[in-house]
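Chemist: Task: produce atomic coordinates for the following.
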Amino acid sequence: MNILLLPTYFPSISQFAAMVQANSITFEMEDNFQKQTNRNRMYIYSPNGIQLLNIPVKHSKGDRHQKTKDVRIEDAFGWQKQHFKSLEAAYRTSPFFEYFEDDLAPIFQKKHDFLMDLNFEAMEIVSDCLGFDLSYKKTEEYFHEATQFTDFRPLANGKKDTLEFEPYTQVFGEKHGYLNNLSILDLLFNEGRHALDYLKNQSL
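Modeler: Numbers count the residues shown, from 1 in each chain. Below you'll find the model as predicted:
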């Protein structure tokens, strides 16, 4: 399976399952940025249920068709501190948060200019934590019809991603029930290195 994906912020479990099961991974670099997609957001399991963490981005004036690779992060809002506090509140009591905390903390301290750079670094850090050897190519043109790939680009839009996965133990599961297909961080903090086997065994 040769897959085509969009780089997203701490990707969904569906995206990581596709990456782990693929023979080759290619990331789309020439798409136009779309608001309200996982390009700049992730979903976690907070004490109050599902929580959206959104990276604020700068929108170029007069250019509705800005490429994702050109999108810059807006740093005026202290979003990194807020995101890390939210992750702590959600996962401090999970089995593996403290185990991976030091690996993940730098991404919430380092200043990235471009959203795409942050997304790739996030994916690479998580892959290291999982024990997954992430190797990939990048597109040099936009494919309207990606006939040579299994096209998983729609997974970047949570509303179009309807994949269902096997339940695993979540921190607030007794309170709110199982929440399907959150950010890969939810699986990592709850399952640790077992997460990789879980991803290999999910149906896409």
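
Chemist: switch to C-alpha atoms for all contacts and neighbour counts from now on
Modeler: Noted.

Chemist: tell me the pLDDT at Asp63?
Modeler: Here the pLDDT value assigned to Asp63 is 64.

Chemist: A strand includes Ile50, no?
Modeler: Yes. Counting by DSSP: H, G, I helix; E, B strand; the rest coil, Ile50 is found in a strand.

Chemist: now it: how far from Thr8?
Modeler: With distances taken as Cα to Cα, to the nearest Å, Ile50 is found 18 Å from Thr8.

Chemist: Same question for Asp70.
Modeler: Shown here: Asp70 relative to Thr8, a distance of 14 Å by Cα to Cα.

Chemist: Of those two, which one has the most company?
Modeler: Using other Cα atoms under 10 Å as the criterion, Asp70 and Thr8 rank with Thr8 on top: 24 against 18.

Chemist: For that one, give me phi and psi.
Modeler: Dihedral pair for Thr8: phi -130, psi 170, per degrees, to the nearest 10.

Chemist: who touches it in this structure?
Modeler: 38-41, 116, 119-120, 156 (Cα atoms under 8 Å, 6 or more residues apart in numbering).

Chemist: Separate out the buried members of these.
Modeler: Buried by 16 or more other Cα atoms under 10 Å: 38-41, 116, 119, 156, out of the contacts of Thr8.

Chemist: residue boundaries of the helices in the protein?
Modeler: Counting by DSSP state H, residue ranges of the helices within the chain are 13-21, 79-91, 97-104, 115-130, 173-176, 184-191, 194-200.

Chemist: one step back: and the buried ones among the contacts of Thr8, which is closest to Phe165?
Modeler: Among the buried ones among the contacts of Thr8, Ala156 lies closest to Phe165 (Cα to Cα), at 16.7 Å.
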